[in-house]
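J.: Below are the sequence and a predicted model for it; my questions follow.
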Amino acid sequence: MGEPTDEILEATYRALCEHGFADLTVQDIADHSEKSKATIHYHYDSKHDLFTAFLEYLYDDYTEHVDAVDGDTHRERLLALVEFSLAEGGDVPGIDFRTAMLEIKAQAPYDDAFREQLTRFDRYLADRIREVIEAGVDAGEFREDVDPETTAEFLLTTIKGAYTRHVSVDHPLDRIRETLAEYVETRLVADRAEVDA
């Protein structure tokens, strides 16, 4: 059996999807758990402390999923990271959860703990993308004039912006997936003639 805090954090996920962040109460979380409100308060002094722990909990799961993304070549790995980052359906959290996370992100400019946790998510994905691009440049799969750092920042910013548009105005993610895949193929992948030369 898992830790009591694991059950509370899983209940937080379910309650967040149903109620959103702004209107969520500790009682809502208790209603999605076998734990009482008092038990939740025993483990977490406040809703803020609970959500700081919740973001840590999500981070561990997120990094495992990012690390599982793979491909036979650096190009395939990069395309798989883009696909993973813009995925819909399956095991990917639904629109209700993404909306709630957007609410949490909106608090980050005013909340150091939230900002610190969310920065870790951003940095982790940016680092993985940069590492794949660096390895691809070194292997000759990507053009030698590609700057891994700025390219990773560009891809990450585009991905994050696409998700914000998706949640805010229901803009589809499929077109941006296609656009970024085309960007990788036309702007990053080395010309075969250059590689063979």
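T.: Alright, I've got the coordinates.

J.: count of residues packed around F51?
T.: 22 (other C-beta atoms under 10 Å). Heads up, the C-betas are built off the backbone N, CA and C, glycines and all.

J.: My error: substitute D45 in the last question.
T.: Using other C-beta under 10 Å as the criterion, D45 is surrounded by 9 other residues.

J.: Give me the secondary structure label for it.
T.: Three-state secondary structure (criterion: DSSP: H, G, I helix; E, B strand; the rest coil) places D45 in coil.

J.: How much space separates it from T25?
T.: 15 Å (C-beta to C-beta, to the nearest Å).

J.: same deal with V66?
T.: Taking C-beta to C-beta as the measure, V66 falls 32 Å from T25.

J.: just D147 next, same as before
T.: According to C-beta to C-beta, D147 stands 47 Å off from T25.

J.: E83 now?
T.: From E83 over to T25 (counting by C-beta to C-beta), the distance is 37 Å.

J.: cool, V189 as well?
T.: Counting by C-beta to C-beta, the gap from V189 to T25 is 50 Å.

J.: For those two, work out which one has more neighbours and name it.
T.: The neighbour count for V189 versus T25, taken as other C-beta under 10 Å, is higher for V189 (20 against 12).

J.: For the nearest residue in space to that one that is not next to it in sequence, list the residues it contacts.
T.: Computed as C-beta to C-beta, 6 or more residues apart in numbering, the closest residue to V189 that is not its neighbour in sequence is R75, at 5.8 Å. Under the criterion of C-beta atoms under 8 Å, 6 or more residues apart in numbering, the contact partners of R75 comprise G136, E141, F142, V184, L188, V189.

J.: who touches the fifth one in this structure?
T.: I take that to be L188. Residues near L188 by C-beta under 8 Å, 6+ apart: R75, L78, I133, G136, F142, R143, V146, T151.
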